[in-house]
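J.: got a predicted model here, sequence first, then my questions.
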Amino acid sequence: MLVVHATKKLRDRVKAIPVQTSETSTTQLGDWYATAVFWRPQVCLFVNELTVLPVLLPLAPAATLAERFPAALGDVLAAHNADAGFIAAELAEMRELCLAKTSNRSVVGMMNEFTFLAEAHLGTGTQPDLLGLSVRLAGTPCGPLYKRHVSPDRELAALLAQ
């Protein structure tokens, strides 16, 4: 099972997924945080609580977000050279997804920073390459990771090396 701690603006948009509070993720990467980003087209930003790895995917249609997130995560993990066995095991645990309220302010702050940085990388009038942007954002130094591996891509590599 995958638990996604979603902001209120995302929970209001995605009404088809049940909201729980006491569940924990059974994936190796653990819980994820998500928010809606109101660009044109609208995007959903997922950030992993453990590694602070960002994953961007189109928000529309919001009702199928739970079905589309594992595939987007698989693409991002493959772009970071994750082992195919790790990706398969992670995606197999994501058959069921539930939403919860956000509880880690540090990760919510990183979502805000990633949104700001992504807007700066996009420029004006361009159609976003969400996979490329997710990989680019993963190289960003993050405050919660300063005492460990500094950036999400390095934190993920260290986790995969274990």
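T.: Here it is on my side, so go on.

J.: can you give me phi and psi for Asn112?
T.: phi -60, psi -40 (degrees, to the nearest 10).

J.: assign Val135 to helix, strand or coil.
T.: helix (DSSP: H, G, I helix; E, B strand; the rest coil).

J.: tell me how many other residues crowd it.
T.: 20 (other Cβ atoms under 10 Å). For every residue, glycine as well, the C-beta is placed using N, CA and C.

J.: that one touches Ala78, doesn't it?
T.: No: counting by Cβ atoms under 8 Å, Val135 does not reach Ala78; the two are 10.3 Å apart.

J.: lowest-confidence helix or strand of this protein?
T.: strand 97-101 (a mean of 85; mean pLDDT, DSSP states H and E).

J.: and that one, which residues are buried?
T.: Residues of strand 97-101 classed as buried by neighbour count (16 or more other Cβ atoms under 10 Å): Leu97, Cys98, Leu99, Ala100.

J.: what sits against the first one?
T.: In this case it means Leu97. Met1, Leu2, Val3, Val4, Ile17, Ala66, Phe69 (Cβ atoms under 8 Å, 6 or more residues apart in numbering).
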